[in-house]
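Participant: Prediction below, plus the sequence it came from.
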Amino acid sequence: MSPPTSTGRIQSTLRRFLDNEASGGLVLIASAALALIVANSPLADVYFHALHVDIGRLSLLHWINDALMAVFFLLVGLEIKREMLDGQLSTWSRRILPGAAAAGGMLMPALIFVTFNLGNPASLRGWAIPTATDIAFALGVLSLFGNRVPASLKIFLAALAIIDDLGAVIVIAIFYTTDINVVALAGAAVTLGLLFVINRAGVMRLSAYLALGIVLWLLVFASGVHATLAGVMLALAIPIKRTPGTPEARDEESPLHHLEHRLHRPVAFVIVPIFGFANAGVSLAGTSLTTLVDPHTLGVAAGLFVGKLSGVLATVTILVKLKWAQLPATANWSQMTGVAILCGIGFTMSLFIGLLAFDDPSIQDKVKIGILIGSALSGIVGSGVLLVSRPKAVAQAA
C-alpha cells in the first residue's frame, strides 16, 4: 500500500479535528442539560454537596476546574501552536479573516457587557465573560447540518474559535491573576526555561516534557496565576516537526501532533463534559424576572447573542467589501450570518472566566443563566438561519 500523500494527511488531520470537536460538542450539550436537570431535581443537594467534598487540599470542583482543565488548556495550546506554525493559520493570508473576525467578536460582546454594567464598577470584572466562542459546542451544532454547510465555513469557525481561545488565555493571564507569589512564579519561569532548553537541545521524548509540565503546574498553582495556564505554557514548549509546503506531519513524526492526537478524545468526551456537568448546574428555583433582567444576566446574554453576531459579521463584511479578504469558498452571506450567530455559543470558556471574575455564588448563578440564555439563543437562531439558507451552488442553478 502506498503511503498517504501530504494532502491526504492534511485532510485526515483536519477531518479528525472537526469530527472530534463536533461529536464532543454534542456530548457537552447533553452533559450541560443533565447538570441543569439534576440541579433542579431531588438530587440537587447531593449534586452540590459532592462538588464541594474535599480531596486533599482542594475540593472536587477545584480539582476539575484547576487540574482537569489544565489538560484542556494544554490541548488548546497545542492546537494554537500547530495551526499557527504548521496548519490552517500558518500564513497571514489565512489568518486575516478569522483573526479579524475573532477580534471583532471579542470587542463587541465586551462593550455590550460594559454598557449594561456601567452603574456598578465591581461588575465590570465580568467584561470578558461573553467574549469567548465554545468551539466544541458551536461545531457540534454545525455538524447537525452535514453537507448543507460548506467545509470552508467549518474551517473558518474552527480557526476563529482557536484564535478566540488564544485571546481568552491572554485575558485570563493579564486580568484574572491576583496575589502573586514571586518565589513560585520565579520557579515556574525557570521550569518553563528548562522546557525550552530541552526543546532546543532536540529532546523528542514526551515523558520529559510531561514530567516538567507537572512541576510547572504545581508552581503556577502556588504562584497565584491560574494553574490552567500551565497547560498553555507547556504546549508552547512541545516540539513540532514543521513541514513547509506539506503541513500536518504524521502523528508519530512529531511529539506535538502525537500528544494532540492522544488528547483529543479524552478532552472532548471526558474532561470538557465533566467540566460542563460540574459548572452548568444552577438551581432555577429562585429565578424571577428580576434575575433575568439583572445587568449581569443581560450583559452576558446580550453580549453573546448580539455582540458576537454584530462583531463577527461586521468585521467580515468590512474586509470582504474592501477586498482585503474573501468569503470562505462556496459560502454565501446567509450561511456566514448563521455561523456568525453560532459564534455566540460561549459555554466552556465563558463559564470558566465567569468563575474567575466573581466569587459571589449568586452573581455566578446570574452569569451562568446569562451564558445559557445567550448560548441557547445563538444556537437556536443560528440553526434556523442555516436551515433556511440555500447552498450557493443551488442558488446559482435556480
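Facilitator: Received, thanks. Owing to the predicted nature of the structure, the values given are computational and were not obtained by experimental measurement.

Participant: How about Leu192: what's its closest non-neighbour residue?
Facilitator: Distance criterion CB to CB, 6 or more residues apart in numbering; nearest residue to Leu192, sequence neighbours excluded, is Met233 at 5.5 Å. (Glycine included, C-beta is placed from N, CA and C.)

Participant: cool, and Ser59?
Facilitator: Nearest non-adjacent residue to Ser59 (CB to CB, 6+ apart): His52, at 5.0 Å.

Participant: distance of that neighbour from Ile172?
Facilitator: 23 Å (CB to CB, to the nearest Å).

Participant: Same check on Val367?
Facilitator: Distance from Val367 to Ile172, by CB to CB: 15 Å.

Participant: before we move on, what SS does the closest residue to Pro150 other than its chain neighbours have?
Facilitator: Distances taken as CB to CB, 6+ apart put Thr330 closest to Pro150, at 4.4 Å, once the chain neighbours are dropped. Three-state call for Thr330 (DSSP: H, G, I helix; E, B strand; the rest coil): coil.

Participant: right, and Thr330 touches Ser152 too?
Facilitator: Yes: between Thr330 and Ser152 there is a contact under CB atoms under 8 Å: 6.3 Å.

Participant: which residues sit against stretch 217-225?
Facilitator: With contact meaning CB atoms under 8 Å, 6 or more residues apart in numbering, stretch 217-225 is reached by 66-67, 70, 173, 177-181, 184-185, 187-188, 191, 226-227, 229-231, 233-234.

Participant: Make a ChimeraX selection of the buried ones in those residues.
Facilitator: The following ChimeraX line selects those of the contacts of stretch 217-225 that are buried, judged by 16 or more other CB atoms under 10 Å:
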select :66,67,70,184,185,187,188,191,226,227,229,230,231,233,234
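
Participant: picking that back up, mind checking which of Val367 and Ile172 has more residues around it?
Facilitator: Val367 (28 against 22; other CB atoms under 10 Å).

Participant: So that one sits against His296, correct?
Facilitator: Yes: using CB under 8 Å, Val367 is in contact with His296, at 5.6 Å.

Participant: what touches both of these two?
Facilitator: Between them, Val367 and His296 share the contacting residues Gly126, judged by CB under 8 Å, 6+ apart.

Participant: Identify the residues contacting Met204.
Facilitator: Met204 touches 239, 255, counting by CB under 8 Å, 6+ apart.

Participant: And the pLDDT at the residue nearest to Ser59?
Facilitator: Model confidence at His52, expressed as pLDDT, equals 91.

Participant: what number of residues lie near it?
Facilitator: That count, for His52 with other CB under 10 Å as the rule, works out to 10.

Participant: What separation do you get for it and Gly193?
Facilitator: Distance of His52 to Gly193, computed by CB to CB: 37 Å.
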